[in-house]
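Undergrad: Give the three-dimensional model of this entry:
(4 chains)
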There are 2 protein chains.
Amino acid sequence: MTSSLPRDMFDRACPSRVMPFQIGDKWTAMVVLCLEHGPRRFSELRVPLRTVTAKVLAETLRAMQRDGLVVRDAYDENPPRVEYSLTPLGRSLLTLIEAARAWCAENMADLLAARAAHESRRDGPRPGGG
Amino acid sequence: MTSSLPRDMFDRACPSRVMPFQIGDKWTAMVVLCLEHGPRRFSELRVPLRTVTAKVLAETLRAMQRDGLVVRDAYDENPPRVEYSLTPLGRSLLTLIEAARAWCAENMADLLAARAAHESRRDGPRPGGG
DNA sequence: CGGTATCCTGCTAGATACTG
DNA sequence: CAGTATCTAGCAGGATACCG
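TA: Numbers count the residues shown, from 1 in each chain, chains lettered A, B, ... in the order given. Below you'll find the model as predicted:
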């Protein structure tokens, strides 16, 4: 297990920014999902999270360490190796993420429909002309 | 029912910004909670949400209308009266908010403890001196 | 009362270059 | 590989003034 993470992991998972909620910072929930099945290296995380810069990912991981959501293990090898993994506390967020996904599965279509209806009202209502 | 909203509604509810997740924009979840038991007027919402400016509250409510989470009803009276209420879609967010609260009840203490431990490590580790 | 318009600022996050 | 340092741009959100 813990085979390498798919590049399109979050292309499928979230029509991302339309979700009406967010766990922690922008990337926190996705990091949790990436670590769900075992420890991952820094550059391994950058594969599915491919639009995140090293700086921002490092900041995200530091914040998550501070909050006790992940632990960082550095091995004194060459080339250097660092692994991040979920703590029990971080793992507990998975239930919340599951709830969020369930909400999406049930209600996202309605939200998107409402948004589309709003758009068409804005662009071309024309009650008698179209 | 729908008596006026308490000023300290969110002082108690959330040690706000420490929650490791957020529903929608900064104020969305709180607006949903405010509307849980019935329609509310604009200025009524500003009581518990007292640090939000009119501009930002108006923007939040417009975004929520766009997404079909709330409806806006304007009555042609003097003085003017406008009421906001939850749609079924908006109401469906309550289950998610409940899940978030449950997580907090169970895990917030751990998160805060981790953060405090991190702080003391940063300020004065002094392994042999204190 | 229920907003809008305008200006301004702080913070987030991107690009780029560099280090152990 | 796994980051850090520095600079900068964009935008959310605050203050203030004004409108129907």
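
Undergrad: could you point out which element follows the helix or strand of chain A with the lowest mean pLDDT?
TA: Within chain A, no helix or strand scores below helix A:9-13, which has a mean of 66 by mean pLDDT, DSSP states H and E. Following helix A:9-13 in sequence order, the next helix or strand is strand A:21-23 (DSSP states H and E).

Undergrad: just checking, what packs against that following strand?
TA: Packed against strand A:21-23 by the contact rule (3 or more Cβ pairs under 8 Å, 6 or more residues apart in numbering or on different chains; DSSP states H and E) you find helix A:28-34, helix A:88-123, strand B:21-23. For the C-beta atoms, the positions are set from N, CA and C on the backbone; glycine is no exception.

Undergrad: Can the second one be said to contact chain B?
TA: Meaning helix A:88-123. Yes - against chain B, helix A:88-123 shows contacts by Cβ under 8 Å from any Cβ of the partner chain at A:89, A:92-93, A:95-96, A:99-100, A:103, A:106-107, A:110-111, A:113-115, A:117-118.

Undergrad: May I see the ChimeraX selection of the buried members of those?
TA: In ChimeraX, a selection of the buried entries from these looks like this (16 or more other Cβ atoms under 10 Å in any protein chain shown):
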select /A:89,92,93,96,99,100,103,107,110,111,114
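
Undergrad: which bits of chain A sit near DNA strand C?
TA: Within chain A, the positions near DNA strand C by Cβ under 7 Å from any atom of the strand are A:Asp25, A:Lys26, A:Thr51, A:Val52, A:Thr53, A:Ala54, A:Lys55, A:Val56, A:Glu59, A:Pro79, A:Pro80.
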